[in-house]
Structure formats: structure tokens, C-alpha cells
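In: Structure, please.
(chains A and B)
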Amino acid sequence: MLMVVNPGMALLVGTLGMVAAAGVFWPKKGLLALLSKGRLNTQRVLLEDALKFLFDCEYKNIPCYLNSIAGSLHISADNATRLLDRLRTMGLIHLQEDTFRLTDAGRSYALRIIRVHRIWERYLADETGIGEMDWHGQADFKEHQMTLEDADQLAAQMGNPVFDPHGDPIPSSQGELPAYTGQPLSALEEGAIARIVHIEDEPATIYAQIVALGLYPGMQVYVMDKTEDRIQFAANGEECVLTPFFATNITVKKLPAREPIQKKPDLLSSLKIGESAAVKGISPTCRGQQRRRLMDLGMVPGTIITAAFRSASGDPVAYQLLGTTIAIRKSQADHIFIERSEEKL
Amino acid sequence: MEQQQNNNSENILSLANTLRWDLGVDLHDAVIESIYEDASRIARKTVQSTGEKATYNFERKIDQLVTSRWLGFPIMFLLLALVFWITVAGANVPSGMLASLLLDTVHPALKGFAANIGLPWWLSGVLIDGAYLSMAWVIAVMLPPMAIFFPLFTLLEDLGYLPRVAFNMDSLFRKAGAHGKQALSMSMGFGCNAAGVIATRVIDSPRERLIAIITNNFSLCNGRWPTQILIATIFIGGAVPSYWAGLVSAGAVVGIAVLGIGFSLAVSWGLSRSVLKGEASTFSLELPPYRPPRILQTLYTSLIDRTIFVLWRAIVFAIPAGVVIWLVANIHIGGESLAEHFIDWTNPVALLFGLNGVIILAYIIAIPANEIVIPTILMLTVVSAGMAGVGHGAGVMFELDSISATENILRAGGWTLLTGVNLMLFSLLHNPCSTTIYTIYKETNSVKWTLVSTFLPIVLGLVICFFVTQLWMLLA
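Out: Okay, here's the model as predicted:
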């Protein structure tokens, strides 16, 4: 028997089939991805998000009103009232004057969620290749699913980290957290030197812009100029401009003025073939396995490194260090700081 | 007393935690730095180096030559082509000798012996025509090319040249989201995909290694080249004037191999941007100094570690598959064999993809090795078309010396130029052989990635064959 199929028809059906399959399996936007997202218990998620927000307010000594809660959770004021009533009957919060305060039970609940969130962010940053723009969103999802025991186990595997990749301390399993010491970048005076200790990852649009400027926790900043509507500062020798509103998302710790101002360091990728220099450090934006690998190879401050030869296609470049020849890509060499010395090495 | 001690240790732990916050974010860096500092201080005091400058300069000269902008790639292509040529040319003779020994001498002898001691026909069929023949076939076609290819490849590796290939090829693979060393596992895949999968061990970044494993099957392995050459000669060479036939069919085979490389890069690109996006990724490539190869040791390790290892796995799978191949052609239900039932049942669907039921069945039961696909196809075609006097009976795989005799069987089985083209495509884009699948499982330790590497190429192959067939029919 020979089945006769009109080829035009078959092509049409085949193409439609492909489109349908794409619709189901497409990452993030496909039917399967949406279904798995929809399974989350939304009521509990709201409740936990509210506790987290209240804790954050307390931690930073900001008064917390009904409207700010509704705004941060993207729900109406009515829904927020109902949610807070529920939290109160559960004994997790109480009203003090006209602001909401966490009870001890509520605080420890919130700390548990925050611990899972920050441990997961640390995990994403160190052990996976997921980009920094996605950490917060994925951790927001994971914090409601992962048990504290699983998070503890994960933390133990990573050597019990104490900071998340944004520079926030991770609450210990006993629920301890160091006192909040930073101030917003916008509060610095002209001429002040400070170190970035934290970059707020919410809202995502502002975070994206801060990341695009190449700012990261641990960076030294020097405020050059400050007016009503803009703050101009140098970060590792690079000039940046932000509006004061954006600058509130960056938390800094003031440094004594006598600490030397860092110059913008040379990058390993700028080394010409045959040239030598001393490694000065690896940029903190290079993390996790990538960073460990580079350090294991000997890219630590003080190591003398020589650009040996270039691949036939121009990238990667082979470097000579500690008696071996190692090739790395330009995108990695851009993360390694070097210091050329005047005298011949 | 004990209570107090407990309290004390808890206090100490909690104090330690608090202090870690004060240490800041770069504690780990500080530890590694201090280790290196101590090590280099000790080395400065105790280690002296003399007279290594000359060899060093000589090595740099070689490096500058093999990685130079103009000569780097030609040298690489020449060397790799030489390795493949030696393999193909050198394997012909021992393969023929093994085949005449195992298939043409031992097989009839075994059959005669079985008849003498009065073994029932079905038992001698299952054991000798099924299990033995399948095993012998795999040995005859796999052993010689592997025994030549792997030592040659290992020699290049030992010499220090292969890391330079990865170094030169990295920028191409980087654009596909992969690692330069994938060039090596890919080249190894042209010899054998199972060995190629094992070769991905040199890739130390988890994501790039998975990519290299999943896409290794797109390297047209040694077992598929003969299929490609045979079908191209019959159908593609046969469709053009005879003075062009050789060139065009050779071009078609090379085209399929290049298409495989293209798929390998395209799928790498797709994987690194979709399902594997979140896997950790690092890059570093050590370029070891050049060394004179240790020929004997290389021969020994490549024979034991690679050839025998892969061959053994293939044999383990070939024996049960041989039994299955014999059984499907010999168990009859309602007057027809299982094979005929399956072929009749899949034919209408297979025709949509420009294939036929015989091809589908052959690719399922000849899963242990791509080498036995063509013998299985020939046997099944003869069985299902009910040709008398061709081959050696139901369930006995065979191959013919003459290409035109093979062509006659296939054309009698209803094959056209379109079937030939689709078989060539499907031979490139179908599941890896069971040896490779098992090796993938062993290497990844994950059922998920094994399933992905198995079914991704089949789905891709069916989609491509479907569109090629329907467009062909629309235009023809």
C-alpha cells in the first residue's frame, strides 16, 4: 500500500507542528515553563514576600506603611490589608503606633526565607553560569520552595558562605545577622572615599543599569561632584554618573580619607606579545569556578606573566607564567588586572 | 560542667560566625594568595634553573609556525587529512582478511559443525547466524580502522600538537558557545563516537563538556563512511553522467561530513543558549611543551584504553542484537515474519520521511554498530520483498562484493534517488550506536543527558528528512 499525501499539505502540517512544539518547549515563555510557574502556591508566596519586606524595613530602620507594602508586592491596598490581618492572626507581626513590626516568630520566619534566598544567589553566582541579571528572580522563586535543611546542606557544600553576591550578609542558621552599617551612595559628600558594600537588585531596571556601569561590591568609589540631580564619582579610576535616586540603590561604607585612591589598572588583554607584567588581581566580576581556575593556575598578585603567542584566529592568547604556557580567551584576560613595571623584568 | 562546656563551644561558634562577616568578601582569595606567596618564597630559596633557554626558544619557533595566521590552519588540515587517509587506506587489507576469516571461513565451518552434531536449525540460527555473525562482523569492520586511527591520534596528542589545534580552533567554537578542545573530541568522533565521547574528558568546564558529548554524534564516524560511500555511489553517482559520477558522489559524501560539522556547531550554539545556559563554564587551555613521542607506550595505551575498550563494548551489544536480528526475520505470526509485519506497518509513515520500513527496522535492530546497518538492510529487503536465491537466508546478514548487485537489490526494494539522499541524511542524523549511548551514560552519569543525546539527533534527522522529502515531491 502506498499512501498518497499531498506534499504541500504535508509541508504545512509539518511547519505547524514545529511551531506548536516550539510553543510548548520554548524556555521561559513556552507552555511547559508557564505551567511549572503556575504551580507555585501564590498565597504563601505573598505572605513570605511581605515578611521579607517588613524585615528589610526594620533592618534599614525605615518605617513601614501599608502603602509601601502594597507597592512592593504589586497588590492593591485592600489585598494588602487582608494579607496583614492574616499575618497578625498568625502572630507574625504586630502594629506599633502606625507602623508594622515583626514579632520574634515573624522575624525568624523572615530570616529563614532570606537565608534560603541569599544562599541560592550565592550558588547561582559561584556554581552555575547563570547571568547576574537572573540571580534575584530565580532566588525569589526558589526561596519559597527550598527547605531550610536543603539550603543548609547546599551552604555546607559551598563552604558556608557568609555573603551573597550582592554583598549582603547571609543570616546564619541560628538567625544571626550583623548590624546594618552602610549608607546610600547618594548620602556621600563631595570628595568622600568609600567602598561599595551592597548593590540593591530591585527594581531590575535600575540594577541592570548599575551592572552595565561595571560597579560591583568591593569597589572603591570617590565622589567627584554632587549636585541636586546628579552624582559624579570615580570607581576604580572610571568616571560614572548616576541620578541621586539611582544612587540610593548602592550602599557604601565610608573609608578614612587617607586611604590611597586606586588608579584604573591595566588589563591583561592589553599586554602585547612578548611583553611581561605582574598580575595585580582578578576582577570580582569574575566568580565561582572561573575565578578558582584562574587562581589555581597561578593568576595571583605578584606572579610575572608574559604574553607568548597568539592563536591563528587571534583569540585566545597563550601566556607564560610560573614555567607553564596557558591559553585564555580575551573575555577572561579582560578580568585580570596587571601592573607594568618600569624596569626590565 | 558539661553544660558550661556546651555553652562555651556554642559561644565560640557564634563568635566565629560574626567574625567571618567582618573578614569581608575576599577571604578565599586571600588564602590562595598566601599559599602562592609561601610557595614562591620557598621555591626562590631552594630551586635553581639552568640552561633551558635554548629548548624554550626552539619550542616558541614551532609554536609560532603552527599557530601562525597563514600556516596554522593549512598545517592542521593536512595533518588530520593524512591521519584519516592512513586509516582508510591501511584498514582495507586487514579488514578484508578478517572478514574472509571470520565471515567466509569460520562461519560456514561453524554451520557445518552444528549440522554434524545435529543441532536443531533454530538453535544454530540464533547462535551462529545471529549472535556469532553479528559479533564477527563488528570485529572485522571495527578493529582495523580503530587499531590504526587511535594510535596515530594518540601520537599527535603525545607530541603536544593537539592542544595547539584546540588553541587555533577555539575562536570558531567560542562563537558556538563551546570549548576549543571540542575540535579534538570531534576529530576523534570521526574515528569512533564512543571514543570521541571519552575524549571529552579533556574539557574541564562542565557545560562545554556536555555540549561536546551531545554533539559528538554529528561527527560522521568510521562505521558510517562505508554506508555513505556505497549509497552515494549507487544513487547520486547513478543520477549524473558517468564521467562525473566519481567526483559527484565523493563530493556528496564530503558534503554530508561537512554538514555534520555544521550541525555540530549549530546544535552547540543552540544548546549553550537554551537548556545548558545555566551550567557553569570556564576556559583555560594548557599548552604543554613539545615532547618526542613514546611510541611503544602510545601503541600500548591506545590499543588497551581505546581500541579494546570500545571494541569490547561493541561486542557486548552486538551479540544480543544479532540474536534479535535473526529472530525478527524467523519468528512467524500468521504466515509472515515479525520483520515483515513491522515493515508493512511502518512503511506508510516512513514514506512521509522519504525512508521505508526496512530502513527504520534496520536502524532499530542494528543499534550496536553502524557498520551492520547495510548488511541488515540488505537481508531485510530480501526477506520482505521475497527475493529468491539472493543472500544466505532469513536472518543472515550479508554484503555483496559487487556494487551493481547491491543496487539491484535496493532498487527491487523500491529505493529511489530520494530514498538514497534521505538514507545518507538519516545515517548522519540518527541516534548514536548503543556503545556510544552506554559510554555517554557512563561519562555523564545522567539519564537525562543520555536521553537528550540519543533522541535529539533522531528528531533532527526526521525533521530534516521530512522537509527534504516533501519539498522534493513538491518541486519534482
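In: tell me which element residue 88 is part of?
Out: Here I'm looking at chain A. Assigned by DSSP states H and E, A:R88 belongs to helix A:77-89.
In: actually it's chain B I care about, not the one you picked
Out: helix B:72-99.
In: which of the residues in the helix or strand following that helix are buried?
Out: Moving toward the C-terminus from helix B:72-99, the first helix or strand encountered (DSSP H and E) is helix B:107-116. Of the residues in helix B:107-116, those buried by neighbour count under the rule 16 or more other C-beta atoms under 10 Å in any protein chain shown are B:107, B:110-111, B:114. Bear in mind the C-beta positions are built from the backbone N, C-alpha and C, glycine included.
In: ok, now stretch A:313-333?
Out: With burial defined by 16+ other C-beta under 10 Å, the residues of stretch A:313-333 counted as buried are A:313, A:315-322, A:325-329, A:332-333.
In: hang on, the earlier thing: any idea which of the buried residues of helix B:107-116 is the one closest to B:M142?
Out: B:H107 (17.3 Å; C-beta to C-beta).
In: does the residue nearest to that closest one when sequence neighbours are not counted count as helix, strand or coil?
Out: Of all residues beyond its chain neighbours, the one nearest B:H107 is B:L133 (6.2 Å), with distances taken as C-beta to C-beta, 6 or more residues apart in numbering or on different chains. Applying DSSP: H, G, I helix; E, B strand; the rest coil to B:L133 yields a three-state assignment of helix.
In: Test my guess that B:L133 contacts B:L103.
Out: Yes: counting by C-beta atoms under 8 Å, B:L103 is a contact partner of B:L133 at 7.2 Å.
In: Looking at these two, which is more packed in?
Out: When neighbours are counted by other C-beta atoms under 10 Å in any protein chain shown, B:L133 and B:L103 differ, and B:L133 comes out ahead with 28 against 20.
In: And that one, how far from chain A?
Out: Between B:L133 and chain A the distance is 33 Å, computed by C-beta to the nearest C-beta, to the nearest Å.
In: Mind pulling the model confidence for B:S124?
Out: According to the prediction, B:S124 has pLDDT 85.
In: For it, give its distance to A:A156.
Out: Note on B:S124: its distance to A:A156, by C-beta to C-beta, to the nearest Å, is 62 Å.
In: And the furthest pair within the buried residues of helix B:107-116?
Out: Spatially, the most separated pair among the buried residues of helix B:107-116 is B:H107 and B:A114, at 10.8 Å (C-beta to C-beta).
In: Now for these two: what residues contact both?
Out: Between them, B:H107 and B:A114 share these contacting residues under C-beta atoms under 8 Å, 6 or more residues apart in numbering or on different chains: B:I128.
In: quick revisit: same for chain B: which of the buried residues of stretch A:313-333 are within range?
Out: Intersecting the buried residues of stretch A:313-333 with the surroundings of chain B, defined as C-beta under 8 Å from any C-beta of the partner chain, gives A:313, A:315-316, A:318, A:325-329, A:332.
In: from those residues, which is closest to B:A362?
Out: Compare each of those with B:A362 using C-beta to C-beta and the shortest gap goes to A:S313, at 41.6 Å.
In: what's the nearest residue to that closest one if we skip its chain neighbours?
Out: With sequence-adjacent residues excluded and distances taken as C-beta to C-beta, 6+ apart, A:S313 is closest to B:S171, at 3.8 Å.
In: residue contacts, the one you found?
Out: So B:S171 contacts A:311, A:313-316, B:180 (C-beta under 8 Å, 6+ apart).
In: of all those residues, which two lie farthest apart?
Out: In the contacts of B:S171, the most distant members under the criterion C-beta to C-beta are A:G314 and B:G180, with 13.0 Å between them.
In: Pick out the residue of chain A closest to chain B.
Out: Checking chain A residue by residue against chain B with C-beta to the nearest C-beta singles out A:A312 as nearest, at 3.0 Å.
In: Just give me the residue closest to the centre of chain B.
Out: Among the residues of chain B, B:N193 comes closest to the average C-alpha position under C-alpha atoms, centre = their mean, at 1.4 Å.
In: Counting neighbours, what do you get for the nearest residue to that one once chain neighbours are set aside?
Out: Taking C-beta to C-beta, 6+ apart, and ignoring the residues beside it in sequence, B:N193 has B:T436 as its nearest neighbour in space, at 4.4 Å. Neighbour count of B:T436, defined by other C-beta under 10 Å: 30.
In: Check whether B:T436 really touches B:A194, as I assumed.
Out: Yes: counting by C-beta under 8 Å, B:T436 does reach B:A194; the two are 4.5 Å apart.
In: partner strands of whatever helix or strand comes next after the helix holding A:R88, parallel or antiparallel?
Out: Past helix A:77-89, further along toward the C-terminus, the next helix or strand under DSSP H and E is strand A:93-96. Strands flanking strand A:93-96 in the sheet, each with its direction: strand A:99-102 (antiparallel) (DSSP bridges).
In: mind checking how far whichever residue of chain B sits closest to chain A is from B:I203?
Out: Per C-beta to the nearest C-beta, B:G72 is where chain B lies closest to chain A, at 3.0 Å. As judged by C-beta to C-beta, B:G72 and B:I203 stand 21 Å apart.
In: Comparing the two, which residue is more hemmed in?
Out: Under the neighbour definition other C-beta under 10 Å, B:G72 and B:I203 were set side by side, and B:I203 has more, 24 against 21.
In: how far does the helix holding A:R88 sit from the chain's center?
Out: When distances are taken as C-alpha atoms, centre = their mean, to the nearest Å, helix A:77-89 is centred 31 Å away from the chain's centroid.
In: so A:A307, which of the three states?
Out: On the basis of three-state DSSP, A:A307 is classed as strand.
In: That one and A:L271 touch, don't they?
Out: Yes: A:A307 is within contact range of A:L271, at 4.4 Å (criterion: C-beta under 8 Å).
In: Spell out which parts of the stretch 101-250 of chain A neighbour chain B.
Out: Going by C-beta under 8 Å from any C-beta, the residues of the stretch 101-250 of chain A near chain B are A:124, A:127-130, A:159, A:162-163, A:167, A:169, A:172, A:174, A:176, A:178, A:217-218.
In: Next step: these restricted to helices.
Out: Secondary structure assignment by DSSP state H places A:124, A:127 of those in helices.
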